[in-house]
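[1] Here is a sequence with its predicted model. Questions after.
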Amino acid sequence: MDYDTWNSVYERVLTDFDFSREADERARDRISEYARPFDRDRLDARGDTVAVAGAGPSLSDDLDLARDADRVFAASTATDILADAGIRVDAMVTDLDKNPATARDRTLRGDPVVAHAHGDNIPAIAEWLPEFDADHVLCTTQAEPRDSVYDFGGFTDGDRAAFLADELGATELVFPGWDFDDPTVDAMKAKKLDWAERLLYWLETRRGETFDVLDGRRDGLELP
Ligand SMILES: Nc1ncnc2c1ncn2[C@@H]1O[C@H](COP(=O)(O)OP(=O)(O)OP(=O)(O)O)[C@@H](O)[C@H]1O
Ligand SMILES: Nc1nc2c(c(=O)[nH]1)N=C(CO)CN2
Ligand SMILES: [Mg+2]
């Protein structure tokens, strides 16, 4: 997705959360110190069904959806659950707030990690990126892209993984491990999940696809 298209939605995210664009830009500039050009052919998804794994409690019941996909892009701690089940993750998408050691170890093994910079994770970037193997990190921002810090659209780790799959040419997206109405999450997380849901609805509309995970939920998902 081109940045101008994403920016029109990003503006609304910033307003709704009262996040600062300048802080997101500072984070982008910090992560750019570690960013290298990433050869996107490594994650080429043209013709593929991509499982975009969320970290909801249902993931353990949805493992076959991931197992049967051509490629798996996993958000954050979903990576650990899938790895424990013996399911290969092609890309881990994370803002480094839950399991940064998993991300580091993946890069040291040569497995791609998509590391996201935003205004509230600058300390995590400074702490962890020096330990990563930069050749296996694709750095992202939600602000304007610069140098080797990319912006393919998306906000939470999970929906950003879906926008990445779209960018890389995926034919079909499937969604193991997504629980939008998870009663165990706090208010901030619930608000982030609301945005994830809206953004997936926006993406499915743009793609002209039907995401099963949104079945029965589309009313009221238009962007504010
Ligand atoms: N019930 C759920 N709980 C957590 N994550 C979920 C759930 N359902 C879907 N997901 C997706 O899985 C991803 C897991 O990533 P993670 O828990 O690190 O969240 P995050 O996007 O970094 O936000 P936060 O700031 O809350 O950590 C979420 O971003 C979300 O897109
Ligand atoms: N500024 C800011 N940006 C974010 C945040 C956050 O807490 N603050 N959390 C996200 C979840 O992945 C994604 N983007
Ligand atoms: Mg996270």
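    It's in. Everything quoted here is computed from the prediction, not taken from an experiment. Ligands and ions are numbered 1, 2, ... in the order given.
[2] got the residues of the protein near ligand 2?
    With C-beta under 6 Å from any ligand atom as the criterion, the chain meets ligand 2 at residues 19, 24, 95, 118-120, 142, 155-157, 192. The C-beta positions use only the backbone N, C-alpha and C, and glycine is treated the same way.
[3] for the residues you listed, which one is nearest residue 202?
    Taking C-beta to C-beta as the measure, residue 155 is the one of those closest to residue 202, at 10.7 Å.
[4] Quick check on residue 34: phi, psi?
    When quoted as degrees, to the nearest 10, the phi and psi of residue 34 stand at phi -110, psi -10.
[5] Leaving out chain neighbours, which residue sits closest to it?
    Distance criterion C-beta to C-beta, 6 or more residues apart in numbering; nearest residue to residue 34, sequence neighbours excluded, is residue 129 at 4.2 Å.
[6] next one: residue 36
    Setting aside the residues directly before and after it, residue 36 is nearest to residue 134 in space (C-beta to C-beta, 6+ apart), at 5.1 Å.
[7] burial of the one you found, as a residue count?
    Neighbourhood size, residue 134 [other C-beta atoms under 10 Å]: 16.
[8] Work out the gap between stretch 14-30 and the centre of the chain.
    Mean-position distance between stretch 14-30 and its chain equals 17 Å (C-alpha atoms, centre = their mean, to the nearest Å).
[9] swap that for stretch 46-65, sorry
    Here stretch 46-65 is found 13 Å from its chain centre; the criterion is C-alpha atoms, centre = their mean.
[10] Identify each of the strands in this structure and give its residue range.
    Defined through DSSP state E, the strands belonging to the chain, from first to last, are 49-53, 71-75, 91-94, 113-117, 137-141, 149-150, 172-174.
[11] near ligand 3, which residues of the chain?
    The chain has residues 76, 95, 97, 157 near ligand 3, with proximity defined as C-beta under 5 Å from the ion.
[12] Now list the buried members of those.
    Burial by neighbour count, 16 or more other C-beta atoms under 10 Å: within the residues of the chain next to ligand 3 this picks out 76, 95, 157.
[13] Appreciated, that's everything.
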